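Novice: Here is my input, please return the structure:
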Amino acid sequence: MQITDVKVRKLFDEGPMKAIVSVTFDSQLAVHDIKVINARDKFFIVMPSRKNPDDTYRDIVHPINSQFRAELEDAVIEAYNEALASAPLSEDDPVATPV
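Specialist: Residues are numbered from 1 along each chain as shown. Here you go, the predicted model:
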């Protein structure tokens, strides 16, 4: 199974969640709501999940082996970094230069 597309749907400035991403596999299957998290100076992904009646969470889709998880994580974080680099600077950013 090949990752054929990664779309960064939303970027966040505040908090540990930095983005919400959708990934397409073999141009035929899409997985939405993969989260990019930054914690302890490390980026990683969290798969989509649902809340159980006992207030625990269970992934509704996940990689089966660590090799594919690493491949998926690398592709998602690379797409996040590209989206971040091409995102316009906010008006509140002290580095932004007014036009």
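Novice: SS state for the one residue sitting closest to the centre of the chain?
Specialist: Residue closest to the mean C-alpha point of the chain, counted by Cα atoms, centre = their mean, is V36 at 3.5 Å. Three-state assignment for V36 (DSSP: H, G, I helix; E, B strand; the rest coil): strand.
Novice: Let me see the contact set for it.
Specialist: Neighbour list for V36: M17, K18, A19, I20, V21, F43, F44, I45, V76, I77, Y80 [criterion: Cβ atoms under 8 Å, 6 or more residues apart in numbering]. C-betas here are computed from N, CA, C, even on glycine.
Novice: Now do the strands in this structure.
Specialist: Counting by DSSP state E, the chain has strands at residues 3-11, 17-25, 29-39, 42-46, 49-51, 57-59.
Novice: re the thing from before, export the contacts of V36 as TSV, with columns for pLDDT.
Specialist: Formatted as TSV, the contacts of V36 follow (pLDDT from 0 to 100):
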residue	pLDDT
M17	97
K18	97
A19	97
I20	97
V21	97
F43	97
F44	97
I45	97
V76	98
I77	97
Y80	97
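Novice: okay if I get those as TSV plus neighbour count?
Specialist: Listed next are the contacts of V36 as TSV, based on neighbours: other Cβ atoms under 10 Å:
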residue	neighbour count
M17	15
K18	21
A19	23
I20	18
V21	24
F43	15
F44	14
I45	20
V76	23
I77	19
Y80	21
